[in-house]
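Novice: Output the structure for:
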Amino acid sequence: MNAQVLGISIDHVPCLKAWAESLGGINYPLLSDFWPHGEVAQRYGVLREQGYAERAIFIIDGEGIIRYIDIHDIDDQPDNDVLFAELAKISPEAANTQQTESEQPEETNMPHEGVIMYCTSWCPACRKARAWFKEHQIPFTEVDIDTTPGAADKVRKWANGSRTTPTFDIGGEIVVDYQIGRLEELLLKKRKTRRWWF
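Specialist: Numbering: from 1, shown residues only. Reported below is the predicted structural model:
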């Protein structure tokens, strides 16, 4: 859509490289706002007093004018459809040729049984959930909503239109977000009814 994604962080370059490698690589440039510390974040009004930046998205047009701002919780991922709509306002011609996420093919080969975690590769809460499942030796299937057609739409239906990760499908019962108490309750119930192998 005639747009260039840039990631910027107050971390230094080696830290950004390590983070990108931990996700299996990033396909857009990562910029370091390390020195002078947080100067760019401060200019954009998103540097906290504690010395770190808010999680924020800025859409800047070809004239250098900020056209959209979204500041959100560190664990939340903004809806890509909202961003596509904002980009379409700036460049309607490009939008007409771009297939959006909602136009992706219907879901294919998605798991339907056991413990299923709908997640993203970058989500901190997803990392915690993976570790929790491993610690408790609970087998689960992971579905990346960024790469699996139809998965993001499923999560949106369950999470009132939001792409909340992780979202869990445990034997047909849905848990939106990383709620340990609710997960334990459902898993214990399944274990007691002997419908599960763990």
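Novice: any idea of the mean pLDDT for stretch 48-62?
Specialist: Mean pLDDT, computed over stretch 48-62, is 92.
Novice: Give the buried residues for it.
Specialist: Of all the residues in stretch 48-62, those buried under the rule 16 or more other C-beta atoms under 10 Å are 52, 53, 59. From N, CA and C alone the C-beta is placed, and that goes for glycine too.
Novice: tell me the contacts of the residue nearest to the first one when sequence neighbours are not counted?
Specialist: Spelled out, it's residue 52. Nearest residue to residue 52, sequence neighbours excluded (C-beta to C-beta, 6 or more residues apart in numbering): residue 10, at 6.0 Å. Residues near residue 10 by C-beta atoms under 8 Å, 6 or more residues apart in numbering: 32, 33, 34, 37, 38, 41, 47, 51, 52, 53.
Novice: Also residue 175?
Specialist: Counting by C-beta under 8 Å, 6+ apart, residue 175 touches 167, 168, 182, 183, 186.
Novice: Next one: the first one from residue 79, what distance?
Specialist: The one in question is residue 167. Distance of residue 167 to residue 79, given as C-beta to C-beta, to the nearest Å: 14 Å.
Novice: Show me which of these two is the more surrounded one.
Specialist: residue 167 (25 against 16; other C-beta atoms under 10 Å).
Novice: I'd guessed that one sits against residue 177; true?
Specialist: Yes. The pair residue 167 / residue 177 is scored as a contact, 7.1 Å apart, by C-beta atoms under 8 Å.
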